[in-house]
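Need the 3D shape of this:
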Amino acid sequence: MRGTLVFSGTSCPALTGKICQNLGMAPAEADLSQFSNGETSVRILTSVRDKDVFVVQSGSPTINDTIMELLIMISACKGGSASKITAVLPYFPYSRQSKKKSHRGAITARMLANLLHVAGVKHVITVDLHASQMQGFFKCPVDNLHAEPLIARWIRLSIPNWREAVVVSKNAGGTKRVTSLADALKLNFGLVTTDRKRAPNMSASMIMNHLDGWDNPPGFVNGIRHSRTISEDRESEGIGLTWSRATADPQGSPRRANAPPLRTTNPMRSPFARPYHTPSQKSPIEELKDEEENGDEGQAYTDERAQEVTHGRLVQGHVVPDDFPSPAQSDGADGSQSYQGGDEDPMTMSHASSFFAPEPHALGGSGDAAESSDEEEEKLQDPKIEHMITLVGNVKDRPVLIIDDMIDKAGSWIAAAETVVKRGKAKKVYCMATHGVFGADCLEQLQACECIDQIIVTNSFPIPERRAKNASKLVILDLSYLLAEAIRRNHYGESISPLFQHMAD
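Okay, the predicted model is just below:
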């Protein structure tokens with residue numbers, strides 16, 4: 001590749017070396033250092049005049065120094081009369097701050113895009129942006145590559161029974177990413193959602209119990225008396241049915257005692273009404289007797305649909321048994337119930353505010369302004385707040401692939417893994433993401449979790465060698481081939497569409 005120079009920032013020299021090895025060239029020389037007061041110093045040690053320059057820089061624990069170093073390198077190459085400067089960012093910094101989350105919040109990802117443009121970038125190559133709409137922040141072309149073909153290939157080669165696997169999203173925001181991988185591998189997919197569990201509400205529970213368990217006396221359906229007889233029940237199997245009803249007012253006295261007959265072809269019955277049995281049907285007791293007499297014949301085949309929605313209780317980020325004491329309330333010494341965590345007594349809570357009122361959002365009711373992952377993790381670890389976690393999908397005796405774009409905090413990953421194993425009875429759990437950020441002790445927590453079998457990430461974000469060696473469950477996939485091919489195609493003006501296609505085994 002004549003006329004091409006590839007520079008490496010201090011964040012990912014190993015990845016840049018692999019990229020240059022795949023391209024058959026050596027990294028360009030540059031002197032990167034810092035002054036005693038912390039300022040970044042950059043000196044380009046080779047001529048960049050009329051060259052096609054690629055600067056490879058990713059995220060790092062010192063993310064602000066990394067960004068400043070990248071901007072200075074781009075400005076130095078621009079001042080050296082480079083013909084074109086392309087920023088290669090395997091992990092785009094500040095990608096989670098791509099929208100306003102409060103009235104006085106900043107869209108930091110857009111500001112960084114503007115800084116790159118001012119510095120002199122003409123093209124950007126990145127991998128799996130947190131939100132694909134971020135490409136609109138740039139005033140230059142953006143190639144947002146995907147690691148999905150690489151992850152899918154690893155799944156086919158490394159998981160023996162991968163055709164039985166279920167791809168699961170650990171939150172509602174990742175469903176599009178999960179369904180894309182599930183469609184590529186022709187697998188089923190599921191969803192795990194976490195909601196804060198409200199304090200018990202007497203009025204709400206009374207309403208739900210009243211609807212779910214409506215107990216009607218003989219001759220009544222949903223509190224309305226019907227003049228149905230056994231002969232009319234038999235006639236209901238025919239075309240027409242003649243029946244009359246008397247509705248009751250709130251005081252219980254009939255409002256229309258003598259209603260005219262109503263003729264209809266299909267009797268309307270409330271979905272909450274209990275089914276009644278006509279003389280031509282078997283009672284539930286007779287059906288149970290028949291099943292006992294048939295024995296194995298009744299158990300040989302069942303046409304019942306599998307239960308695909310599973311609920312669990314989440315306390316301090318872990319799934320707990322159903323009889324675990326709730327942190328939202330505790331029994332007092334006199335046997336009375338006291339409510340903690342700022343929750344009011346449910347008897348004093350209004351009907352509208354306690355049950356039917358939606359959760360407030362940052363921008364005045366817009367659900368688009370979701371909380372950041374750090375805020376979600378803090379709430380999951382709050383001992384005073386109990387959450388309800390829901391698994392949608394059948395994962396019993398199957399391997400589960402939990403997918404997201406990055407792994408930064410361990411709380412939501414551990415909660416999802418415990419849910420699919422302890423509640424869904426999954427066989428194995430694989431946590432997969434493109435960017436292994438692993439903030440704080442995230443990697444150590446995932447390694448210690450018994451419900452997680454393997455952790456699969458790429459080398460888009462540098463992981464210290466010491467931490468990687470201590471994590472036996474960690475698998476790191478190499479992105480150098482994907483980025484090297486993107487650089488080659490970009491230099492020669494070729495299409496990058498083949499890079500989005502899944503590779504054959």
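
what helix or strand does T194 sit in?
Secondary-structure assignment from DSSP states H and E places T194 in strand 188-196.

Next, the buried residues of that strand.
Buried residues in strand 188-196, counted by 16 or more other Cβ atoms under 10 Å: F189, G190, L191, V192, T194. Yep, even glycine has a C-beta here, placed from its N, CA and C like the rest.

can you give me the strands for the stretch 1-150 of the chain?
For the stretch 1-150 of the chain, the strands defined by DSSP state E, counting those that start in this stretch occupy 4-8, 30-34, 40-44, 52-56, 84-89, 123-127, 142-145.

need these in TSV with distance to A14 and mean pLDDT, can you?
Below are the strands of the stretch 1-150 of the chain laid out as TSV (distance: least, Cβ to Cβ, whole Å; pLDDT from 0 to 100):
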stretch	distance to A14	mean pLDDT
strand 4-8	9	96
strand 30-34	15	93
strand 40-44	20	93
strand 52-56	11	97
strand 84-89	14	96
strand 123-127	16	96
strand 142-145	19	94
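
Packing partners of the longest helix along the chain?
Using DSSP state H to define each element, the chain has its longest helix at helix 63-79. If contacts are counted by 3 or more Cβ pairs under 8 Å, 6 or more residues apart in numbering; DSSP states H and E, helix 63-79 sits against strand 30-34, strand 40-44, strand 52-56, strand 84-89, helix 108-119.

Could you export these to a markdown table, including columns for distance to S480 and mean neighbour count?
A markdown table is the format used below for the helices and strands packed on helix 63-79 (distance: least, Cβ to Cβ, whole Å; neighbours: other Cβ atoms under 10 Å):
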| stretch | distance to S480 | mean neighbour count |
| --- | --- | --- |
| strand 30-34 | 20 | 13 |
| strand 40-44 | 23 | 16 |
| strand 52-56 | 10 | 26 |
| strand 84-89 | 11 | 25 |
| helix 108-119 | 23 | 17 |
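
Which among these is found nearest to H435?
Evaluated over those, closeness to H435 peaks at strand 84-89, with 11.1 Å, by Cβ to Cβ.

List the residues that contact R313.
Under the criterion of Cβ atoms under 8 Å, 6 or more residues apart in numbering, the contact list for R313 reads K197, V319, V320, P321, D322, F324, S326, E386, H387, M388, I389.

From those residues, list just the buried residues.
Burial by neighbour count, 16+ other Cβ under 10 Å: within these this picks out K197, V319, V320, E386, H387, I389.

Farthest-apart pair in those, please.
Based on Cβ to Cβ, the longest span within the buried ones among the contacts of R313 runs between K197 and V319 and measures 13.0 Å.

continuing past the one helix or strand E377 maps to, what's the next helix or strand?
Following DSSP H and E, one finds E377 within helix 373-380. Once the chain leaves helix 373-380, the next helix or strand it forms, by DSSP H and E, is strand 386-392.

Give the pairing partners of that following strand; include direction for each.
Using DSSP bridges, the strands paired with strand 386-392 are strand 188-196 (antiparallel), strand 309-315 (antiparallel).

In the stretch 301-450 of the chain, where is pLDDT below threshold?
301-307, 328-376 (pLDDT under 70).

what ranges do the strands span in it?
Ranges of strands within the stretch 301-450 of the chain are 309-315, 318-320, 329-331, 337-339, 386-392, 399-407, 428-436, based on DSSP E, counting those that start in this stretch.

Make JSON lines from those strands and add distance to L380 to it.
Output for those, formatted as JSON lines (distance: least, Cβ to Cβ, whole Å):
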{"stretch": "strand 309-315", "distance to L380": "7"}
{"stretch": "strand 318-320", "distance to L380": "9"}
{"stretch": "strand 329-331", "distance to L380": "19"}
{"stretch": "strand 337-339", "distance to L380": "21"}
{"stretch": "strand 386-392", "distance to L380": "7"}
{"stretch": "strand 399-407", "distance to L380": "15"}
{"stretch": "strand 428-436", "distance to L380": "16"}
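
For W162, find the nearest of the ones you listed.
Closest to W162 of the strands of the stretch 301-450 of the chain is strand 399-407 (Cβ to Cβ; 7.1 Å).

what's the closest one packed up against?
In this structure, strand 399-407 makes packing contacts with strand 166-169, helix 175-185, helix 411-418, strand 428-436, judged by 3+ Cβ pairs under 8 Å, 6+ apart.

Ok, which of those comes nearest G3?
When the helices and strands packed on strand 399-407 are compared by Cβ to Cβ, strand 428-436 sits nearest G3, at 31.1 Å.

For the closest one, name the packing helices and strands.
strand 399-407, helix 411-418, strand 454-458.

now the angle from the second one to strand 309-315?
This points to helix 411-418. Comparing the axes of helix 411-418 and strand 309-315 via axes from the mean of the first three to the mean of the last three Cα atoms, to 10 degrees yields an angle of 130 degrees.

Format the CA atom coordinates belonging to helix 411-418 as CSV.
Output in CSV follows, covering the C-alpha atoms of helix 411-418 (Å, rounded to 0.1, in the frame of the first residue of the first chain):
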residue,chain,number,x,y,z
GLY,A,411,-24.7,-5.7,37.7
SER,A,412,-27.1,-6.1,34.8
TRP,A,413,-25.1,-8.9,33.3
ILE,A,414,-25.1,-10.9,36.5
ALA,A,415,-28.8,-10.3,37.1
ALA,A,416,-29.7,-11.5,33.6
ALA,A,417,-27.4,-14.5,33.9
GLU,A,418,-29.0,-15.5,37.3
